[in-house]
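Q: show me how the following folds:
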Amino acid sequence: MMAETRAPERNDRLRSSGKVLFENKTTEGGESAPAVTLPIWSSGKVNSHNTGSLEQPQATIDSSPVLEEVDGSAPVKRLTSRGGSQFSIRAAITGNVDFSWHQVTVSIPPDPKKNFPGKTIIDNINGSVKSGSLLAIMGASGAGKTTFLNLLTERTASALQVNATLAINNHAVTANNIRKISSYIQQQDLFFGNLTVLEHLTIQALLRMNKSLSTEERMERVYEVLDELGLTKVINNRIGSTAGGVRGISGGEQKRLAFATEVLTDPPLMFADEPTSGLDSFASQSVIEHLRGMASQGRTILCTIHQPPSEVFNNFDQLLLLAEGRTAYLGPLAGAVDHFSRIGYNCPEGFNPADFYIYTLAVNPNAKEASKAQIKTITDAYIQKEIEEGVQDRPLPVASERVTNAVRELGHQHGESLFTQLRVVGKRTFLLTSRNPITIRVGTLSTLVTSLIIGLVFLRVGFDSEIPDRVQGIAGSMFFIIALAAFSGISNVVQVIPVERPVFLRDYDNRMYNPGVYFFCQYLATIPLVCVVQLLSLAIMYFMIGFDSSPERFFLFYVIIILSVFAAESVGYIIAAAAGDNAAIAFALAPIGTVPFMLFAGLLLNLDSTPSYFIWLEKMSYMRWAFEAGMINEFRTDILDTNCSILTPPCFFDGGVVLDSYSLSMSTDTIGINIAIMVGLVVGYRAIAFILTWIILKVGVKR
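A: Below you'll find the model as predicted:
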């Protein structure tokens, strides 16, 4: 009944946004039947078992294998939606996921070459958190909070030595298996600012949710999450980005959208890194209250947080205090004050307990030894408490084949087909490209204005009666046209890829799509804009300068320019991969992708004069092949000056003489060969960029 009440309201919202998903229409028999309008991202396929109602798929018990018994209780059966499709991860495994960690030690190994003795970051800590709990992980700077959270989410830097046993319901599992049934909310909110809230969640639903679910079920889940986190009012607002200069939703709403992104798959286990970072006290309280609400639904949530105000702090029910990599306290939030009192550290009346714990466990730079001695006393007291409770004597959890197989099965149920990845990521990329003001407005205007300037500088040199001046003008203008195309192409990449890289890495960590899909869609998305802008740019310069006006030669030169842009973009992808997510470094490295190639294009330095040790660079220069093809295209059959004498150079009797003076080929077949070489360079450079990115992803370079 509740779903029926929500349906008209939801359809009103959809109708107002022009994205109606479900609407009842009267059939010939007078019965009400649903009309389905799928979102722009869908493939148009609708599962027949769920087209007649807006109700959430009903859970039914079947006899499928379970994840594992919980605390010795009866096995929990798997829940499936109507028609047998699985609705969520939590439904697939169990409503109760108790999470624990045992003998966790993280250290930096010694390095004799640097005379570094090594350092222990986390020192043999144990603990657990029950299902339905919201655990706050706190500690002073350098306590090991972030390292601990990174370990639990399999994001530990590869240089660290790690020894740990992680367990679900007291059965040992790997960190990789933890990732398959959990979600991670990063401290930094990572979004494409030019997408709307609905578009973002729709993409996430289509790429991350169980692949057996229909589009309708996924969109129903999207709207449930929007309602749950109070985001329905901003459903059609762009998310916004400070870096991109796009105005959007507030910081608190962005944080709730980050929660919504991870809650879509209904994970039983969640990790959050400083979710209140950068928010005011009101927004912080709202965010933690939403986390508290999600935990009350049966999720297990672990959250690092830095000195929260008392109103925020009191929303947690469990507390883990770390100091110098050791556990200072783990247990109910309400019991922490009493624990500290028993060991001689009393929280002043009216003082925020969160501040008290941080001050007590911090290392004072002016009294390091005394601070460390105090921390040792507190952590030793907690270890003694563990010994008294028998925690230290408990056997380590052992792996369960049933648990491992169940989690592995869950991993296989997620991850869309290559076609779906290409369809969804491709549409997203085209949408972002069309909404990027830098690429569309600034980039286009810059290219066209520069084209006009080049056209005015070389105005009508192609009609100059002085043949040597005409040749010099044509060659010079052609060089700058190709250089402009190169600068345009490389800027298309270095101003976009480094900015998008953090979001791409987040999506890669979530196994949303293959890296090759992302880059392939980026390649395709630039083609329409490049073709249109370069056509306008070339049309301005070509006829102002006075190149050969035959359509055949114009369009052949246009092809050469397009390939020059694509080749420059390819070099830009290599630079962007090397620069990481630092756009400033990418821009600083951009001249490397143009200037060396300009030197060996064939104008500034005659190709016969190329130093032997730079022959390889000349062959790799896409400008060299573009300039030669362009010059052959312009001068291949021209009879220029029949009155000059070879005894009084320069004598450009015909086009062949011009080409020979620049050490260029005089064969018209060379144009096709050069175009093929440029295509090869485009493919080769992009392959290098992809391989470099793949290596960076695989070796775990710090991102």
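Q: alpha carbons only: can I get the host helix or strand of Ala373 in CSV?
A: Following DSSP states H and E, one finds Ala373 within helix 368-389. Provided in CSV are the C-alpha atoms of helix 368-389 (Å, rounded to 0.1, in the frame of the first residue of the first chain):
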residue,chain,number,x,y,z
LYS,A,368,57.1,14.0,23.5
GLU,A,369,58.4,11.6,26.0
ALA,A,370,55.8,12.4,28.6
SER,A,371,53.0,12.1,26.0
LYS,A,372,54.3,8.8,24.7
ALA,A,373,54.6,7.4,28.2
GLN,A,374,50.9,8.5,28.9
ILE,A,375,49.8,6.8,25.7
LYS,A,376,51.6,3.6,26.6
THR,A,377,49.9,3.6,30.0
ILE,A,378,46.5,3.9,28.4
THR,A,379,47.1,1.4,25.6
ASP,A,380,48.6,-1.1,28.1
ALA,A,381,45.6,-0.8,30.3
TYR,A,382,43.3,-1.7,27.3
ILE,A,383,45.5,-4.7,26.5
GLN,A,384,45.2,-5.8,30.1
LYS,A,385,41.5,-5.5,29.8
GLU,A,386,41.6,-7.7,26.7
ILE,A,387,43.7,-10.3,28.5
GLU,A,388,41.2,-10.3,31.4
GLU,A,389,38.3,-10.8,29.0
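Q: pull out the buried residues from that helix.
A: With burial defined by 16 or more other C-beta atoms under 10 Å, the residues of helix 368-389 counted as buried are Ser371, Gln374, Ile375, Ile378, Thr379, Ala381, Tyr382, Ile383, Lys385, Glu386. For every residue, glycine as well, the C-beta is placed using N, CA and C.
Q: try stretch 118-138
A: Under 16+ other C-beta under 10 Å, the buried positions of stretch 118-138 are 121-129, 131-138.
Q: pull it out as CSV, backbone CA atoms only.
A: Taking Å, rounded to 0.1, in the frame of the first residue of the first chain, the C-alpha atoms of stretch 118-138 are listed here in CSV:
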residue,chain,number,x,y,z
GLY,A,118,61.7,0.8,9.8
LYS,A,119,58.6,1.9,11.5
THR,A,120,55.5,0.2,12.9
ILE,A,121,52.3,2.1,12.0
ILE,A,122,49.7,-0.3,13.5
ASP,A,123,50.8,-2.6,16.3
ASN,A,124,48.9,-5.9,16.8
ILE,A,125,45.4,-4.6,17.3
ASN,A,126,42.2,-6.7,17.6
GLY,A,127,38.5,-5.8,17.5
SER,A,128,35.1,-6.4,16.2
VAL,A,129,31.9,-4.5,15.4
LYS,A,130,28.4,-6.0,15.4
SER,A,131,25.7,-5.7,12.7
GLY,A,132,23.6,-2.6,13.0
SER,A,133,26.4,-0.6,14.7
LEU,A,134,28.0,2.7,13.7
LEU,A,135,31.6,2.7,14.8
ALA,A,136,33.7,5.9,15.2
ILE,A,137,37.4,5.4,14.6
MET,A,138,39.2,8.3,16.3
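Q: please, where are all the strands along the chain?
A: For the chain, the strands defined by DSSP state E cover 22-26, 32-36, 60-61, 79-80, 99-108, 119-129, 134-138, 161-168, 171-173, 182-185, 269-273, 300-304, 318-323, 326-332.
Q: right, and these - which one's nearest Phe340?
A: strand 326-332 (7.4 Å; C-beta to C-beta).
Q: so how far is the closest one off the chain centroid?
A: In terms of C-alpha atoms, centre = their mean, to the nearest Å, the centre of strand 326-332 is found 35 Å from the chain centre.
Q: tell me which residues are up against that strand.
A: The contact list for strand 326-332 (C-beta atoms under 8 Å, 6 or more residues apart in numbering) reads 123-127, 139, 317-322, 336, 339-340, 357, 361, 375, 378-379, 382-383.
Q: can you name the residues in contact with stretch 511-528?
A: Under C-beta under 8 Å, 6+ apart, the answer for stretch 511-528 is 204, 207-208, 414-416, 418, 421-422, 424-426, 428-430, 432-433, 492, 496-497, 504, 507-508, 569, 573, 686, 689-690, 693-694, 697.
Q: same thing but 6 Å
A: 207-208, 415, 421-422, 425-426, 429-430, 433, 492, 504, 690 (C-beta atoms under 6 Å, 6 or more residues apart in numbering).
Q: now, which of the residues you listed lie within helices?
A: The helices, defined by DSSP state H, take in Leu207, Arg208, Gln421, Leu422, Val425, Gly426, Thr429, Phe430, Thr433, Asn492, Phe504, Phe690 from the contacts of stretch 511-528.
Q: which pair of those spans the longest distance?
A: Largest pairwise distance in the ones in helices among the contacts of stretch 511-528, by C-beta to C-beta, is 29.0 Å, between Arg208 and Asn492.
Q: neighbour-wise, which of the two wins?
A: Neighbour count, other C-beta atoms under 10 Å: between Arg208 and Asn492, Asn492 has more, with 25 against 22.
Q: confidence score at the more buried one?
A: Note for Asn492: predicted pLDDT of 87.
Q: and what of Ser63?
A: Reading off the model, Ser63 has pLDDT 32.
Q: need the contact partners of stretch 98-115.
A: With C-beta under 6 Å, 6+ apart, stretch 98-115 has contacts from 116-122, 124-131, 147, 160-167, 169, 269, 300, 396.
Q: now swap in stretch 125-144 and tell me
A: 96-102, 104, 121-122, 145, 291-292, 295, 298, 300-305, 316-323, 325, 327, 330, 358, 361-362.
Q: now the buried members of those residues.
A: Buried, going by 16+ other C-beta under 10 Å: 96-102, 104, 121-122, 145, 291, 295, 300-305, 316-323, 325, 327, 330, 358, 361-362, out of the contacts of stretch 125-144.
Q: now the nearest residue to Ile575 once chain neighbours are set aside: how far from Val442?
A: Once flanking residues are discounted, Ile575 sits nearest to Leu589: 4.7 Å by C-beta to C-beta, 6 or more residues apart in numbering. Taking C-beta to C-beta, to the nearest Å as the measure, Leu589 falls 21 Å from Val442.
Q: rewinding a little: need the buried residues of helix 368-389 in CSV with pLDDT and distance to Asp273, can you?
A: Putting the buried residues of helix 368-389 into CSV (pLDDT from 0 to 100; distance: C-beta to C-beta, whole Å) gives the following:
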residue, pLDDT, distance to Asp273
Ser371, 91, 26
Gln374, 93, 27
Ile375, 93, 23
Ile378, 94, 25
Thr379, 93, 23
Ala381, 93, 28
Tyr382, 92, 24
Ile383, 91, 27
Lys385, 88, 28
Glu386, 86, 26
